[in-house]
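Visitor: just the structure for this:
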Amino acid sequence: MKYLLLLICTITFAQQTKSVDFKSVLGQITIDPKERLVSGAINYHFVVLKPIDTIKIDAQNMTFSNLKINDKDINYINTGKQLQLIFQFQKGKNCLSFEYTASPKQTMYFIGSKATNNLQIWTQGQGKYTSNWFPSFDDVNEKVVFNLGVTFDANYQVISNGILQNKYKNNNNIYWEYRMQKPMSSYLLMLAIGKFDKKIEFSKSGIPLEMYYEPNTLADFEPTYRYSKQIFDFLEKEIGVKYPWKIYKQIPARDFLYGGMENTSATLFSTHYVVDSTGFEDRNYTNVNAHELAHQWFGDLVTAQGGRHHWLQEGFATYYALLSEKAIYGNDYFYSKLYEYAQELKQASKTDTIPVMNEKASSLSFYQKGAWALHVLRDGIGAEAFKKAVQNYFKKYSFENVNTQEFLAEIKKVSNYDVVNFSKIWLETAAFNSQIANDLLSKNKSIQALLEINELRNKTLLEKKELFMKILQSDAYFSVKEAIVYQLKTEKFEDKKDLLTLALETNNTQVRQAVASIFNKIPEDFRKQYESLLDDKSYQTQEIALYNLWNSFPEHRFEYLDKSKNWIGFNDYNLRTLWLSLALSTTNYSVNKAILINELINYSSPNFEATTRQNALEKLIDFHLINDAVLKNLVNSTTHHIWQFSKFGRESIRILLKNQEIRVSFERILPNLGEKEQFQLNRLLKE
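Guide: Numbering: from 1, shown residues only. All right, here's what the predicted structure looks like:
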């Protein structure tokens with residue numbers, strides 16, 4: 001029955017898209033962050049292509065008033081999911097106007113508050129649907145020219161798609177009006193509000209590149225946005241099609257759901273990637289930056305007709321992101337990432353039976369396997385032919401929706417490549433073709449060396465030690481040396497010490513980090529060398545090294561804690577939360593334990609982002625630093641909009657409930673929790 005209803009709905013919408021063409025919309029809205037309400041006036045312009053008696057607009061849990069078609073009242077039905085206009089529509093142009101109010105339960109997120117001076121509001125339409133906050137179309141095949149006007153507190157920046165056409169002050173508010181020139185799918189409509197500053201650069205082709213930041217992160221601006229202009233210029237040239245919009249903006253969003261989102265002309269990305277120069281070594285925005293920018297063509301300019309063809313967006317974005325990184329970091333980096341993708345795909349294919357061309361395919365398939373397919377295709381027909389096919393693809397389908405066969409038809413026009421066989425192997429089969437992949441990978445000497453190292457895995461250390469020493473002292477790419485270090489993990493320390501010394505002497509961040517990670521207990525006669533890792537310009541290496549040294553050498557704990565007492569780490573406070581945990585667990589180290597535990601508990605509270613909170617909660621639980629405040633913060637995590645964090649909260653509570661004393665504590669705090677927290681905890685207590 002469910003399937004039948006879905007089929008009926010699909011047929012109904014397909015009939016509408018053939019009968020009605022929505023051209024443009026101007027939405028003028030206000031947002032109440034305290035009540036989390038959106039209200040406004042909407043004006044849609046549309047053309048009826050064939051007579052029809054009902055027109056539908058997706059609108060989740062909204063109320064409507066003053067509905068008019070061409071300034072005349074019209075009958076309508078509000079189903080709670082759709083606004084249905086009832087009228088004998090005839091062919092011709094029309095204007096629909098109405099007012100509405102929405103209380104979005106998803107898609108629009110309110111982070112912080114005005115009261116605490118940390119308010120951010122942002123939207124995430126893909127997968128959750130813009131129709132939760134703006135009456136629009138959940139079907140990606142209905143493309144509209146969106147124009148959005150927003151009235152909001154004058155102390156905040158308001159950012160949306162397109163060019164800022166109008167901005168004026170009205171009492172304590174500012175009205176911002178953004179306009180697009182070309183049509184796009186509704187899920188690409190975006191809004192971001194916060195206290196931002198920005199810097200502007202211009203691409204070689206003259207496109208303004210607006211890069212936003214929160215004022216307190218100004219010092220992190222350069223490493224966060226490093227290579228942004230270079231990536232933009234590279235992609236315009238590599239794709240061979242001019243950037244399709246008038247402006248490009250990038251905005252960091254706190255507690256964002258994903259790494260980034262390619263809203264038309266404006267990418268939102270996670271503050272996880274707001275880093276300083278040290279943080280850049282471990283995690284940076286480069287790949288996400290390039291991936292989301294590539295979507296401005298693949299996804300925004302041409303949009304896949306449905307989930308079956310989703311790889312045309314994610315595969316292409318992953319493909320071009322890696323080419324961008326190749327231009328920045330070189331061939332060895334490029335091939336090492338391709339190799340990494342291949343290893344992940346080979347492992348996944350043991351259990352994953354869903355091919356790329358299936359709407360239920362995994363992210364790994366859509367992204368990495370889709371990208372691999374394109375690299376194989378490009379290798380097979382040549383870079384110039386591939387580029388020509390892509391250019392023809394955009395020339396034919398810009399601002400429209402596409403499917404896989406339409407793309408492959410363009411490949412066929414520029415080559416004699418067997419696209420039918422290609423599609424079967426890479427898009428319609430779940431298995432990963434290692435033979436074809438290895439043929440492509442083996443063109444790179446670093447990968448050849450890496451494969452050689454991997455073939456020695458079952459050899460004794462004595463048999464391969466001489467080769468390992470030679471490679472560690474050579475200029476081989478870091479991934480080859482890293483592979484050697486990981487092979488040493490289970491070897492006896494006295495047999496591998498000289499190799500580990502050579503690995504440390506490479507002074508390569510990743511190789512040294514590999515050395516840091518293969519130890520749990522550090523031998524005394526390697527202590528001094530291992531201690532040098534504390535000075536590495538890598539927050540991740542410092543975190544691993546600090547914990548392992550503290551754990552291995554109790555007699556030196558004061559020394560390690562004194563050295564690291566001012567460390568903060570990434571913006572998720574990874575080093576600070578670790579230091580607090582270690583300091584609180586070190587006998588006689590501090591006389592201010594109450595101050596330290598309050599600081600650590602504060603990091604676990606809703607005052608901070610989910611990654612910081614989880615860091616703190618993990619350490620509080622692991623080090624048995626649990627009180628009522630910790631338990632309340634843990635219960636609160638179960639209501640968070642980031643599913644990974646809420647899942648962590650639920651799983652942690654399930655484990656803690658096995659302890660009868662802690663169960664009693666949970667039951668005691670239950671009446672003092674909010675409604676959502678009570679619901680979640682009650683459910684867990686009854687399991």
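
Visitor: average pLDDT across stretch 110-129?
Guide: Across stretch 110-129, pLDDT averages out at 91.

Visitor: list the contacts for the closest residue to residue 378 other than its chain neighbours?
Guide: Leaving aside its sequence neighbours, residue 378 sits nearest to residue 386 (C-beta to C-beta, 6 or more residues apart in numbering; 4.3 Å). The C-beta positions use only the backbone N, C-alpha and C, and glycine is treated the same way. Applying C-beta atoms under 8 Å, 6 or more residues apart in numbering, we find residue 386 in contact with 377-378, 411, 414.

Visitor: mind putting those residues in CSV, distance to residue 468, pLDDT and neighbour count included?
Guide: Output for the contacts of residue 386, formatted as CSV (distance: C-beta to C-beta, whole Å; pLDDT from 0 to 100; neighbours: other C-beta atoms under 10 Å):
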residue, distance to residue 468, pLDDT, neighbour count
377, 37, 97, 21
378, 35, 96, 20
411, 44, 97, 22
414, 46, 96, 18
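
Visitor: in helices, which of those fall?
Guide: 377-378, 411, 414 (DSSP state H).

Visitor: shaky segments in this structure?
Guide: By pLDDT under 70, the low-scoring segments of the chain are 1-17, 127.

Visitor: for the most centrally placed residue in it, which non-adjacent residue is spatially closest?
Guide: The C-alpha lying nearest the average C-alpha coordinate of the chain belongs to residue 259 (C-alpha atoms, centre = their mean; 1.7 Å). Excluding the flanking residues, the one nearest residue 259 by C-beta to C-beta, 6+ apart is residue 288, at 4.5 Å.

Visitor: same question, residue 632
Guide: residue 669 (5.8 Å).

Visitor: quick one: the one you found from residue 684, how far?
Guide: For residue 669, the distance to residue 684 equals 13 Å [C-beta to C-beta, to the nearest Å].

Visitor: show me what contacts the residue nearest to residue 632?
Guide: Here residue 669 is in contact with 628, 631-632, 635 (C-beta under 8 Å, 6+ apart).

Visitor: highest neighbour count among those residues?
Guide: Tallying neighbours with other C-beta atoms under 10 Å puts residue 635 at the head of the contacts of residue 669, with 24 neighbours.

Visitor: for the helix or strand that that residue is a member of, the distance to its chain's centre please.
Guide: Residue 635 belongs to helix 628-637 when assigned by DSSP states H and E. The chain centre lies 27 Å from the centre of helix 628-637; the measure is C-alpha atoms, centre = their mean, to the nearest Å.

Visitor: over to stretch 145-162?
Guide: Its chain's C-alpha centre and that of stretch 145-162 lie 23 Å apart, by C-alpha atoms, centre = their mean.

Visitor: flag every buried residue along that stretch.
Guide: For stretch 145-162, a neighbour-count test (16 or more other C-beta atoms under 10 Å) marks 145-152, 156-162 as buried.

Visitor: helices along the stretch 551-687 of the chain, start to end?
Guide: Ranges of helices within the stretch 551-687 of the chain are 557-564, 574-584, 593-603, 610-622, 628-637, 643-656, 660-669, 675-685, based on DSSP state H, counting those that start in this stretch.

Visitor: contact partners of the second one?
Guide: Translated: helix 574-584. 539-540, 542-543, 546-547, 550, 557, 560-561, 564-565, 567-569, 589-590, 593, 596-597, 599-600, 603, 612, 615-616, 619-620, 622-623, 625.
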